[in-house]
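A.B. asks: dropping a prediction and its sequence here:
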Amino acid sequence: MKRTSTLILILSTLIMSACTSLPPAYDYSQFRNSDPKSIIILPPTNQSTEVIAPYSLMTQLTAPIAESGYYVYPVALVDQTFQNNGLTVAEDIHAVPTAKLYEIFGADAALYIDIVEYGTSYVVISSNTVVTVGAKLVDLKTGDLLWEGAASASSAENRSSSGGGLIGMLVEAAVHQIIETVVDTGYDVSAIASSRLVSSKAHNGLLHGPRSTKYGQPATSEKVK
């Protein structure tokens, strides 16, 4: 009887841990009220030391947003429009009033992005490329915050060690660092982070847009218990 009670307690703890492993479901009330159909991706602010990070991330964000059912303004066109108006710094662009952005582009909403981490680092016996990003979606007509989130991805997530002891691990880490720096693994990792951040399939991602066959259905996060 005592063993049965202990087993029940352990199972209950595991179930509770599984249920709380994901953040609480996002409140999409403001998002639904606004019901945006088109989105512009603003040039990201960049806290990392990699100058290529903003361009890498912007190109990877378009696909998951479009696949979620929204019209996404071509990032090259948006970037060129800002340059033509003398705006080349992301912080300055983020400071432009939403009403002005709506006047210029006519989009329903804008995605403001902040790159927290991007690049390859070498720490003793591990080398890893990490991309961490935060974002918020703002209604350009009203200036209201519709949604915000954050996501991270790492090149080491699905990597398995080849063994060889400490020396082997050190060599493996050095090789990974060289390869990932040369070929900019951050570009591929950005795709994973972007999907986790904004895809309507992700937990607390964007709602399904009007171009999606699932438009009007509950968000993925609302199905998670």
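C.D. replies: Looks like it came in fine.
A.B. asks: pLDDT weak spots in the protein?
C.D. replies: 1-21, 121-127, 158-184, 220-225 (pLDDT under 70).
A.B. asks: quick check, central residue of it?
C.D. replies: In the chain, the centroid-proximal residue (CA atoms, centre = their mean) is L197; its distance is 2.9 Å.
A.B. asks: now do the helices in this structure.
C.D. replies: 2-19, 29-34, 53-67, 75-84, 90-94, 98-105, 165-182, 185-198, 220-223 (DSSP state H).
A.B. asks: do you know how far Q83 is from A135?
C.D. replies: 22 Å (CB to CB, to the nearest Å). Quick note: C-beta positions are derived from backbone N, CA and C, even for glycine.
A.B. asks: ignore what I typed, I meant G209.
C.D. replies: G209 is 16 Å from A135, by CB to CB.
A.B. asks: kindly report the same for T88.
C.D. replies: 21 Å.
A.B. asks: more neighbours, the two?
C.D. replies: Neighbour count, other CB atoms under 10 Å: between T88 and A135, A135 has more, with 23 against 11.
A.B. asks: give me every residue that touches P43.
C.D. replies: P54, M58, V78, D79, F82, A90, I93 (CB atoms under 8 Å, 6 or more residues apart in numbering).
A.B. asks: how many neighbours does A110 have?
C.D. replies: A110, neighbours per other CB under 10 Å, totals 26.
A.B. asks: now G205
C.D. replies: 23.
A.B. asks: excluding sequence neighbours, find me the nearest residue to it.
C.D. replies: S199 (4.8 Å; CB to CB, 6 or more residues apart in numbering).
A.B. asks: residues touching the one you found, list them.
C.D. replies: P64, E67, S68, G205, L206.
A.B. asks: hmm, the last one is touching W147, no?
C.D. replies: In other words, L206. Yes. Applying CB atoms under 8 Å, one finds L206 in contact with W147, separated by 6.4 Å.
A.B. asks: what is in contact with those two at once?
C.D. replies: Common neighbours of L206 and W147 (CB under 8 Å, 6+ apart) are F31, L137.
A.B. asks: ok, P43 to G205 distance?
C.D. replies: For P43, the distance to G205 - CB to CB - is 21 Å.
A.B. asks: ok, now L87?
C.D. replies: 29 Å.
A.B. asks: cool, and F82?
C.D. replies: Relative to G205, and taking CB to CB, F82 is found at 26 Å.
A.B. asks: cool, G86 as well?
C.D. replies: In terms of CB to CB, G86 sits 34 Å off from G205.
A.B. asks: tell me the phi and psi of the residue nearest to G205?
C.D. replies: phi -60, psi 140 (degrees, to the nearest 10).
A.B. asks: check contacts around the residue lying closest to the residue nearest to the centre of the chain once chain neighbours are set aside.
C.D. replies: Nearest non-adjacent residue to L197, counting by CB to CB, 6+ apart: A151, 3.8 Å away. A151 makes contact with T132, V133, A193, S194, R196, L197, A202, according to CB under 8 Å, 6+ apart.
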